[in-house]
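[1] The following comprises the amino acid sequence and a computationally predicted model.
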Amino acid sequence: MNFRELQEKHAPWVERNFPNAEKWEPLVGAIEELGEMCHAFLKLHQGIRTNEDHQAKMCDAVGDTIVYLAHFCTMNNIDMQSAVEDAWAEVSKRDWVNHKGNGKDINPEHLTEVGRGM
């Protein structure tokens, strides 16, 4: 399933289960899930609470975060698939090994007029 399909399948479920949700609610839900992911990662890193499956908890939190973000995108008229594709198109151009300052070639000869702020 891609992100667009997730939004298409998720939207009717949200409408049925949370018809009065406000636009900010899924954002807070996503943040809460990131907190759960951090908690599980920390305990795994610390080597404590070994009776818990931290890997499974992190995996669950990743999935839940994505679902909340799909809800947020739907409520705020964002095509999640396009947002991720557009972000990756930009991020994938960065080369932090060779351009530690900003991840990009900042040689003025290689900048376009737009890149020069013109």
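    Okay, I see it.
[2] Let me know how buried residue 28 is, in neighbour terms.
    When neighbours are defined as other CB atoms under 10 Å, residue 28 has 12 of them. In this view, the C-beta of every residue, glycine as well, is placed from N, C-alpha and C.
[3] mind checking the SS state of it?
    helix (DSSP: H, G, I helix; E, B strand; the rest coil).
[4] same check, this time on residue 37
    Under three-state DSSP, residue 37 comes out as helix.
[5] could you measure the closest residue to it other than its chain neighbours against residue 23, distance?
    Computed as CB to CB, 6 or more residues apart in numbering, the closest residue to residue 37 that is not its neighbour in sequence is residue 61, at 3.7 Å. From residue 61 across to residue 23, the span is 22 Å (CB to CB, to the nearest Å).
[6] More neighbours: these two, which one.
    residue 61 (20 against 12).
[7] Remind me which helix or strand the more buried one belongs to.
    Element membership for residue 61, per DSSP states H and E: helix 54-75.
[8] List the contacts of that helix.
    Here helix 54-75 makes contact (CB atoms under 8 Å, 6 or more residues apart in numbering) with 3, 6-7, 10-11, 14, 21, 23, 26-27, 29-30, 33-34, 36-37, 39-41, 43-44, 78-80, 83.
[9] so residue 51, which of the three states?
    coil.
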